[in-house]
Structures are given as structure tokens and as C-alpha cells.
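Peer 1: sequence and predicted structure are below.
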Protein chains: 2
Amino acid sequence: MTRNNWSVPETEVLQRVHERLDADSADVLATIVDVEGNAYRRPGAKMLLDEAGDGVGSITAGCLEDDLLAAAQSVREDGQPELLTYDLMDDEDDVWGLGVGCNGIIDVLLEPLTETYRPAVEAFADGRNVAVLTVLEDSKGALDRGDRAYYHPGDGGLTTPDGEPAPAWPDELADPAKDLAERGRADTIELDSQDRRLAVFIDGLAAPTELVIFGSGHDVGPVTELAAKNDFRVTVVGFRGSVDLEDRFPDADDTLTTSPAAVDDDLELGDRTYAVVMTHNFIDDRLTVEQLLDASVGYIGLMGPHKRFEKMLAEFEDEGRSFDDETLASLYTPIGLDLGGGSPYQIAHSIVAEILAVSNDRTPRHLRTREGHIHDRITVDSPPQ
Amino acid sequence: MTRNNWSVPETEVLQRVHERLDADSADVLATIVDVEGNAYRRPGAKMLLDEAGDGVGSITAGCLEDDLLAAAQSVREDGQPELLTYDLMDDEDDVWGLGVGCNGIIDVLLEPLTETYRPAVEAFADGRNVAVLTVLEDSKGALDRGDRAYYHPGDGGLTTPDGEPAPAWPDELADPAKDLAERGRADTIELDSQDRRLAVFIDGLAAPTELVIFGSGHDVGPVTELAAKNDFRVTVVGFRGSVDLEDRFPDADDTLTTSPAAVDDDLELGDRTYAVVMTHNFIDDRLTVEQLLDASVGYIGLMGPHKRFEKMLAEFEDEGRSFDDETLASLYTPIGLDLGGGSPYQIAHSIVAEILAVSNDRTPRHLRTREGHIHDRITVDSPPQ
């Protein structure tokens, strides 16, 4: 297996699932449904295992994959889902990978890829949030392991893969499903009542964040490439004479050639839109930024020094436009995190790092300082000489 | 021209120069030697233009490249270096790209690629710092535009491309050359005396930072790939049974299979070494970290939760080892910047962002906050209604 198959962006795993469904293949889908202790991947991490023994996506950093390939073979033959528990912890400690090499206790669901998964990949392809509910255990036997329901925002309740109401599924699963779908997170929910113990894995698939990049210079390429690897859905927008955008930016999911005044007409802008403005043309940038501010998009990164934006604001003022602080808070200029470095890739890395931090609502800083500064925590005394 | 040619990492531009020198080609090297105002690229940015009209590397975000290709043709025909000035500023303002679309005033030196450039690429390939000095103007006429000298740390003074002393070059150029070589920065130096005005472009090429990644899991792939794009020289170190490292991590400059106890013997570790420790095996990580701390390397990023490192420190203590705060300050765990996101590429992006920040001595934060918070600077009043 190649590096490319294991380390693909998450969006590509779901795209591949879609393709394999269409091809009516006998693949097996492996999903982390629960993790105890610290693991490299979280619940919801997926790997698709094909008949040839190749995998797309990753569940660990490599420790379990060989074993999973063997287990997938048996699932393929039996046609029945299996729930595997890997206990990779040291007996006396819950520290990640102590001694033995991997990642705590990991529950993995292996199941034949079937049409019941199609609503998930279709919602993802359409840019709609969705929660996929899969039965792990039902003591009552009303549902079988691998049985599936969906929560589509707007539907109000759970539905079967065919879009019908799902009476066998308790209503109280709808709230956590809604929450997980919006957040793009996954968790296993256990419902215990007198006569029934039901464990359901809820996999929230949030639509990828839409990133619109305004500009068609060479410097757009690395930003597009790195953003796509980080699971943003990227649209490159060129103005006027921009040609061959698709060929020039092969990592973009979409391209558009329009005029700077028509940005708001030609794109669906909203608070979930992230925008990078790097046309290198002041007037084009200004027209674009004005429409993005008007649409209250979630993030506007504007390339260039702060002084350039001040000039832009002054021109807005001359034209009788003003924007309140809350609206302007979404505008980041100079764009990017302060990482130093000035090559095209280094600039792009800093831009995409900023977009990741903003989209995940994080304050950019070293993770070690997030847990408290390392020096406050170290308790090693000088040993006796 | 493809995206890949324009947006290559800086290291690849110099590698290509090396290849083209070996091929005795008639390429033209374009280098930004001076910038006024804010520009996308800094002095020292390079583009190599071949006979077929293709370019490798980038000087702007695309505004000048077509013009440069034409100018390169004339330099190739004449065999003489040319100094071009592009004034892309608005007459009344020094704000970047106001109205016209590009980047301030940029001076670009175009010169035929000759053997006089070989010491530069050889030093770079060997991992040695070097400063390349190139004459832009000499009023006295003792030196011609394009004449070249070198500063190699350790030599003490300037030398010709043949390694001989360079008496026609003023001694006072050695100090700025030393400084720029260490910092990897470029600048044009002007020496004015009664009888001579000499302008020399000094291009400091610092050896790429060495990044050693300990581990051979699938998660090593994205870190290797993104670090290489950001101009780190990457070595992947696998332990024991690690095979096919070269094939599995094609972006690595070097690979090594060794044992965890022999890390310090098999690698040249020093304060310029950056290390990422992600073997996912506690004992392997501990043996590696101990040797890295002993060698006082510049950066150690350790994957895993902070608690795991505390366990490691406790074991060091049990063995009578201790490390002072200054040494421990180089250790970052959990590794990476706090950007959120948990896919292999998102984790790798956060790791490489941290390494960029540390290697460039930056405090990771939004660039907009570096200039003062945007809200302190906005001066738009509500316009009259």
C-alpha cells in the first residue's frame, strides 16, 4: 500500500466510498466507534478495505492495519458486521502506547459496504450535514448490529436509509445526532432501560467548510493544494481574463470566472463561507471584500499589509459605507499565522493554518502551552550524584 | 507552465539550478535584488528560465513573469547580465499593488547561468551556509555587473568562484556577507567612497534546517510531505524492522534504519537539528528523546499527551537522569500548534506550522494581532445618513 492511500484527506475517503458503492464492490468499511485513552485518531476515523487487500484512509498510525485486513476478509466472506476491540494499553497505566506501541483501547466496527451507506455519501457530496446511526448492540434484538438510520437536519426525526420513518429507533437519539451532525463529530451512545440496552454509533458528517479563493496568480496554487489536503472544499475564483483555472488549479473542487462586481451574485455567500482574497489588484480586492463583508461570511483573509486595508476602509468611507466591529472581526489582514518564512508554500502554510484555527475555534498557540506551560509541570529533581 | 514549476519549494529551485549547470544549459537566472514597498516575495527570490521559455520558481505572484521571459531571451542572446526595475506602484501612494495589480518597486537581476554560480549550489547541497556576492554597479569599473565572489564561513574573507582570494572586492563586504549567510537573507549593499560607488547584491543561502522524523507509521507520510514543501531537509528514521522507507516516504531527502539506542551514533545531532518523535512506541520514544535532550538539539516535538512525557521524565529520574529547564525548553509535547482538526494531514499541518514558527523564532498568532489588534486601528466613522 502506498503512502497516498493511507494518508489521504478525510474527504477523499468518503469520495472513494461513493465510487465503490457505485461500482457495486465487495469492500469492507472499518470505522473507529470508541476510544479509551489517547489515540492517534478519533471515533469516526474510517478506512475502506477492498478485495485486493488495499486500504484507503487510516484508523491508527499503522499498528492495527495488518490485522484489520485479515478481519475484513472474514467480514467479506460472512457478510456480517463485526465489532472488534483492540486493547493496546499497558496493564498498569493508561498512558498512550506505553511499551507496546499503540493507542489505548479502540473499538472498530467492520461491515460490508452496502447501499444503506449511500445517503451518507450523497449528503456529503451535496454539502449537507448528516448523522449516520449504526447499531452496535441491541439486547432486545429489535435491531441487528449494522442496522442503520439517518438524521438529516430539517427532517426532524430519524429515517431509514430509504427515507422512511424509523419506528424501531428511539426518539431520544435524534438530539445527539443533530448535535454531532453539526459539529462533525462521532460518538457511541448507550441507552439503558429496564427491558433494553441499546448501543448506537452516531457518526456526524459535517459538510466540509467551503473555502473560496479569489485570485488566479501562481501563489493561489499552494493555498489550494494545502487547503484541499486539510479537507476544505475549495473554489478558485478568477476575474475577467482568467482562463484554464481547472487545469491550473487541479486541487480545486470548483472554479469560476466572473467579474469582481458579481461576486455576491455568482456565489452563495454565508456565515459558513471562508474566503481568501489574493487577487493582487487593489480594486478587485476592494470590490470583493465589500461584498464579503456585506454577506457576513465566516472568515475573510486579505493578503497584503494592514495599511492597504486601511486605504480600503477609507475608500469605503468616502462612498458612505461603514461596517461594524463585529463584521470587521471576521477580516484577517495581513492574512495568516505568524510562522515566518516567505516562500510560496510557507505563505500558503501560514494561511491554511489560520483558516484551520478559525474554523475550529482555536487560539493559535503551541499545544504544550494549552495544557499549562511545560515548566510549571516538570517535577524532576536533581538526582543524587 | 504548470503550477508545479512556479510554486516549487525554494530548495527545488536551487536543485534545479544545480542540474542545469551540470547539463551545461543556456538558462537565465532571475533574482530579486531589491524591493521597495510591500512585495509578495523578498530579495533573494529566484526564478530559473530555460530556453524553452519555462520557468522554475517565482518572483512575483505572476504579474511580471511574462515580461521576464521576454527579457531573459535578450540576456541569453547577449550573454550579458541585466538589471531591470519594475515600478508597479501607484504614483501617489506606496500601498502595495494599489490599482495596478502588483507589488511595489522591484529590482530584478537577470544573468546567464554560468559556472560562477556552482559554489553556491554545491554549498547548498552539502548543507553549508554560503553568501553569494554579485556586482550590480561599480562606478570605478574594476568589477563588472555580474562579477561574483563568495563568503564561505570559516574562510574568513571573500573568495573568487575558483576559491582564490578576491582582492578587487572590498573587505568590508565580509561582515554583512557573514551575517546574511547565517540568517539566510539577502540584501543589496552600497559602498560609497570618494572614488568609487559599488553596489553589491549579497544573497545569503543558509543551509536548510535538518528535520529528523523518528517513526515509520503511515502518519509520518504527511509530515514528511509538508515539511519538504516548506524547505526542510527531511530524514526519516525507522527502527528495527523498518523496510522500504525510501519507497514509502518519497518526499524524504534521506532515510535511515537503525536501533533506538544508536540514534546519537548514527545521526549528527546538534543545535541545528530539529526532531519529531512519533514512533508510537513508548520505549523507543524514550530512548530517542533522551539522546536528543543530551545532544541539545534545537527542537524536539514529541507526539502524545503531556502525561506520557511526565511518565518518561519519571523514568529518567529513576535512572538518575535529569535535564535542566533550558534543555527541556526545546521539547514540545503535545506536538504542534493548536489548530484543531484530527485527520492525518491536519495533524501534520499543525506539526509543520509549529516547526516553522520555532525555526523562524516566531510566536504563533494571527498576523493581524502582530501589527496591533485590528479594532484598535480601524478609524471608519459612521457616514452621514
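Peer 2: Everything's here; your move.

Peer 1: please report the distance of residue A:81 from residue A:134.
Peer 2: 8 Å (CB to CB, to the nearest Å). From N, CA and C alone the C-beta is placed, and that goes for glycine too.

Peer 1: try residue A:142
Peer 2: 15 Å.

Peer 1: in chain A, where is pLDDT below threshold?
Peer 2: Low-confidence segments of chain A (pLDDT under 70): A:1-7, A:38-40, A:61-63, A:88-104, A:371-385.

Peer 1: helices of the stretch 151-300 of chain A, residue ranges please.
Peer 2: Using DSSP state H, counting those that start in this stretch, the helices of the stretch 151-300 of chain A run over A:174-183, A:220-229, A:245-248, A:263-266, A:282-294.

Peer 1: buried ones in the third one?
Peer 2: Within helix A:245-248, the residues that qualify as buried by neighbour count (16 or more other CB atoms under 10 Å in any protein chain shown) are A:245, A:248.

Peer 1: so which elements touch that helix?
Peer 2: Under the contact definition 3 or more CB pairs under 8 Å, 6 or more residues apart in numbering or on different chains; DSSP states H and E, helix A:245-248 sits against strand A:254-258.

Peer 1: got the contact list for the strand it packs on?
Peer 2: For strand A:254-258, the external contacting residues (CB atoms under 8 Å, 6 or more residues apart in numbering or on different chains) are A:233-240, A:242-243, A:245-246, A:249, A:266-267.

Peer 1: biggest separation within these, which pair?
Peer 2: A:233 and A:240 (24.5 Å; CB to CB).

Peer 1: tell me which parts of the stretch 101-250 of chain A are close to chain B?
Peer 2: A:101-103, A:215-219, A:221-222, A:225-226, A:229-231, A:248-250 (CB under 8 Å from any CB of the partner chain).

Peer 1: which of those residues count as buried?
Peer 2: A:101-103, A:215-219, A:221-222, A:225-226, A:229-231, A:248-249.

Peer 1: tell me the phi and psi of the residue nearest to residue A:51 when sequence neighbours are not counted?
Peer 2: Counting by CB to CB, 6 or more residues apart in numbering or on different chains, the nearest residue to residue A:51 once its immediate chain neighbours are dropped is residue A:26, at 5.5 Å. Here is the backbone geometry of residue A:26 (degrees, to the nearest 10): phi -100, psi 50.

Peer 1: higher neighbour count, residue A:233 and residue A:240?
Peer 2: For residue A:233 versus residue A:240, neighbours defined as other CB atoms under 10 Å in any protein chain shown are more numerous around residue A:233 (18 against 12).

Peer 1: which residues does the more buried one bridge with?
Peer 2: Note on residue A:233: beta-bridge partners residue A:210, judged by DSSP bridges.

Peer 1: now do the contacts for it.
Peer 2: A:11, A:127, A:207, A:208, A:209, A:210, A:211, A:253, A:254.

Peer 1: now name the helix or strand holding the first one.
Peer 2: In this structure, residue A:11 sits in helix A:10-22 according to DSSP states H and E.

Peer 1: just checking, the residue nearest to residue A:51 touches residue A:112?
Peer 2: Yes: the criterion here is CB atoms under 8 Å, and residue A:26 meets it with residue A:112 at 7.1 Å.

Peer 1: find residues that contact each of the two.
Peer 2: The contact lists of residue A:26 and residue A:112 share residue A:76, where a contact means CB under 8 Å, 6+ apart.

Peer 1: which one's more surrounded, the two?
Peer 2: residue A:112 (19 against 13).

Peer 1: which one is that one nearest to, not counting chain neighbours?
Peer 2: Residue A:112 sits nearest to residue A:79 (CB to CB, 6+ apart), 5.6 Å away.

Peer 1: and for the one you found, the neighbour number?
Peer 2: 11.

Peer 1: buried deepest among the helices of the stretch 151-300 of chain A, which one?
Peer 2: helix A:220-229 (a mean of 26; mean count of other CB atoms under 10 Å in any protein chain shown).

Peer 1: other SSEs contacting that helix?
Peer 2: So helix A:220-229, by 3+ CB pairs under 8 Å, 6+ apart, packs with strand A:210-214, strand A:233-239, helix A:344-359, helix B:3-6, helix B:220-229, helix B:344-359.

Peer 1: contact partners of the following helix or strand past the last one?
Peer 2: I take that to be helix B:344-359. Where DSSP H and E defines the elements, the next helix or strand beyond helix B:344-359 is helix B:367-370. Helix B:367-370 is contacted by residues A:306, A:332, A:333, A:334, A:335, A:336, A:337, A:338, A:350, A:354, B:374 when judged by CB under 8 Å, 6+ apart.
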